[in-house]
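Student: Compute the structure for the input listed below.
(one chain, ligands or ions: 1)
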Amino acid sequence: MDLSVRRGNDHDPSWFAGIDGLEASYDMVIVGAGISGCVFAERGSRELGLKSLIIDKRDHIGGNCYDFVNKRGFRVSQYGVHLFHTRHERVWEYVNRFSDWTPYEHRVKGKVDVGEGYKIVPIPPSRETVNALFHADVHTEEEMEAWLNARRSVNDDPKNGEESALTRAGEELYDAIFKHYTKKQWDKYPEELDASVLARIPVRTNDDDRYFSDPHQALPKDGYTRLFENMVMSDPNITIRLNVDFFERRDALPKCAKTIFTGPIDAYYASQGLPKLEYRSLRFREEYHEPDPSGEHGAFYQPCLQLNYPGPEVPFTRIVEYKHKPNQPVEARNSKGTVIFKEYSCDHGEPYYPVPNPANHALYEKYKAMAEREGKDVCFVGRLASYKYFNMDQAFLNALEMFDEVWGEGAGERGR
Ligand code: UDP
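Tutor: Predicted coordinates:
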């Protein structure tokens, strides 16, 4: 076994912590072993024979996609549920090189109370949602269009999340589904966020109850961590060192032709005196339950993998029950118990989400201008470094495209 790396599914963080015994120089020092870092190392090695050192301050690879099988046998995600979906053929073809995929179409429900007690309804909102919540009695696309048209505000150019939701959904759905969930998630009301944030959730007139409409929707058969292992482990050109904080060790790192930085861009320039960028973080409350098998949901706690709580009456945004994922180990599928995670948003801790609004974009532009002055030696890639609310597939695509840009057009695709 190559002892310069650690298997992501093992749990011995002491393995290969630190930076002893490295080579004197690498083609790339990559900061962060998430999607962007792994794409750069993998493409660098397989396309161009480049040697990379990946460092990560955490004790695992995979970034926020990291999942593992817990003591009870459930595959869970340490940083919240991740659902892969894409319309980009380039990305779909790329991720299929590293894992088999189990088709999975995500269906989310919301537990909503509009004054008549809790009801469980589809999200994105649809005919079923408005019939259940507002006794709308709409059964065709035309009827749903008419119901929405009677409530929507006409606005061809919504300037913020509130206008975006009101023009698509109208006041009642806005209050029931979007307004308070958004406040809990971002600690901002929708009017304080870009229109694009709420536009992620469509309002449906048809029967489609899937959360995403991309043609490829699937889960890696053996989890995300295995996919990242298959990208970067057992490759003699790629060395991974965990528990290494770039900011503490940067002066002691080997020389390199390029630094690929995938952390928060404002952390990189922390000494430059600009205000910090705003991020949201998450914390999770884990609970184990043994549901009554004759109960409403059988051996499950709730009816679906993700149940949103859009109302202000509970402090969490959603509950995720991983047992519903089809890529669970057999032991988990057959278990009489189930594990759930209540998800709370907060403003401290590991950054998960950039906060898309005009003030943060303006501040980011100042950081970006500094990054551009670095020339070609340092490259900022990924959700945190480019301060963009990327989905997983967008992060893969962005990294593949940036790799081309940094190492020459077409470099990322020559191995096809
Ligand atoms: N959203 C909402 N109610 C919901 C689901 C989503 O108001 O039930 C809004 C909210 O502002 C959220 C955004 O839509 O942050 C994007 O939701 P998504 O599920 O894409 O968020 P993620 O899974 O990335 O946290």
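Student: which residues does Leu50 contact?
Tutor: For Leu50, the contact set (CB atoms under 8 Å, 6 or more residues apart in numbering) comprises 27-28, 44, 237, 407. All C-beta atoms are positioned from the backbone trio N, CA, C, and that covers glycine.
Student: Report the contact partners of the closest residue to Pro158 other than its chain neighbours.
Tutor: Nearest non-adjacent residue to Pro158, counting by CB to CB, 6 or more residues apart in numbering: Ser164, 4.0 Å away. Residues near Ser164 by CB under 8 Å, 6+ apart: 158, 190, 195-196, 198-199.
Student: His324 too?
Tutor: 300, 304-305.
Student: Tell me where this protein has helices.
Tutor: 35-48, 89-95, 127-134, 141-149, 161-173, 180-186, 195-199, 224-232, 246-249, 265-268, 330-334, 358-372, 392-407 (DSSP state H).
Student: Can you tell me which of the ones you listed is packed in deepest?
Tutor: helix 35-48 (a mean of 26; mean count of other CB atoms under 10 Å).
Student: Let me know the pLDDT of Val154.
Tutor: For Val154, the pLDDT comes out at 89.
Student: so it makes contact with Leu166?
Tutor: No: taking contacts as CB atoms under 8 Å, Val154 lies outside contact range of Leu166: 9.9 Å.
Student: Up against the ligand, what does the stretch 51-200 of the chain have?
Tutor: 110, 123, 177-178, 181-182, 185, 197-198, 200 (CB under 6 Å from any ligand atom).
Student: tell me, which strand in this protein spans the most residues?
Tutor: In the chain, assigned by DSSP state E, the strand with the most residues is strand 279-289.
Student: Of the contacts of His324 - the most surrounded one?
Tutor: In terms of neighbours by other CB atoms under 10 Å, the contacts of His324 top out with Leu305 at 23 neighbours.
Student: which residues touch it?
Tutor: 81, 106-108, 320-322, 324-325.
Student: joint contacts of Val154 and Leu166?
Tutor: Between them, Val154 and Leu166 share no contacting residue, judged by CB under 8 Å, 6+ apart.
Student: contacting residues for the residue of the stretch 201-350 of the chain found nearest the ligand?
Tutor: Residue of the stretch 201-350 of the chain nearest the ligand, by CB to the nearest ligand atom: Asn308 (4.0 Å). By CB under 8 Å, 6+ apart, the contact list for Asn308 reads 108-111, 123, 181, 317-318.
Student: So which of those belong to strands?
Tutor: Reading strands off the contacts of Asn308 with DSSP E, I get 108-111, 123, 318.
Student: Can you get me the start-to-end distance on stretch 374-390?
Tutor: For stretch 374-390, the first-to-last residue distance is 24 Å (CA to CA, to the nearest Å).
Student: same thing with stretch 218-232?
Tutor: Note: stretch 218-232 ends 21 Å apart using CA to CA.
Student: what's the pLDDT at the residue nearest to Tyr309 when sequence neighbours are not counted?
Tutor: In this structure, Tyr309 finds its nearest non-sequential neighbour in Lys111, 5.5 Å apart by CB to CB, 6+ apart. Lys111 carries a pLDDT value of 98.
Student: and Lys111, bridged to which residues?
Tutor: Beta bridges link Lys111 to Ile120, judged by DSSP bridges.
Student: got the contact list for it?
Tutor: 118-120, 307-309.
Student: Just the pLDDT for the residue of the chain most remote from its centre.
Tutor: Ranked by distance from the centre of the chain (CA atoms, centre = their mean), the top residue is Asp137, with 36.1 Å. Asp137 is assigned 97 on the pLDDT scale.
Student: With Ser234 instead?
Tutor: Ser234 carries a pLDDT value of 88.
Student: For it, grab the count of nearby residues.
Tutor: Neighbour count for Ser234, taken as other CB under 10 Å: 10.
Student: do the same with Pro103
Tutor: Neighbours of Pro103 (other CB under 10 Å): 9.
Student: Contact distance from the ligand - what residues of the stretch 251-400 of the chain qualify?
Tutor: Neighbours of the ligand within the stretch 251-400 of the chain, by CB under 6 Å from any ligand atom: 308, 310.
Student: Report the buried residues of stretch 109-124.
Tutor: Going by neighbour count (16 or more other CB atoms under 10 Å), the buried part of stretch 109-124 is 109-112, 114, 121-124.
Student: Spit out the contact partners of the closest residue to Tyr224 other than its chain neighbours.
Tutor: Using CB to CB, 6+ apart and skipping the chain neighbours, the partner closest in space to Tyr224 is Cys65 (4.2 Å). Shown in contact with Cys65 (CB under 8 Å, 6+ apart): 34-35, 77, 79, 82, 224-225, 228, 392.
Student: re the thing from before, ok, which pair from the buried residues of stretch 109-124 is furthest apart?
Tutor: Val114 and Pro124 (17.0 Å; CB to CB).
Student: Contact partners for Asn398?
Tutor: 36, 381-382, 386, 388, 390 are the contacts of Asn398 under CB under 8 Å, 6+ apart.
Student: please redo it, this time with the cut-off set to 6 Å
Tutor: If a contact means CB atoms under 6 Å, 6 or more residues apart in numbering, then Asn398 has no contacts.
Student: list the contacts for the residue of the stretch 1-150 of the chain found nearest the ligand?
Tutor: Nearest to the ligand, among the residues of the stretch 1-150 of the chain, is Ile123, at 4.7 Å (CB to the nearest ligand atom). Ile123 makes contact with 108, 110, 308, according to CB under 6 Å, 6+ apart.
Student: mind checking how far the first one is from Ile319?
Tutor: For Val108, the distance to Ile319 under the criterion CB to CB, to the nearest Å works out to 11 Å.
Student: same question, Glu163
Tutor: In terms of CB to CB, Glu163 sits 30 Å off from Ile319.
Student: same check, this time on Trp407
Tutor: In this view, Trp407 and Ile319 are 43 Å apart by CB to CB.
Student: Give me the pLDDT for the nearest residue to Asp377 once chain neighbours are set aside.
Tutor: Leaving aside its chain neighbours, Asp377 sits nearest to Lys258 (6.1 Å; criterion: CB to CB, 6+ apart). Confidence at Lys258, expressed as pLDDT, is 97.
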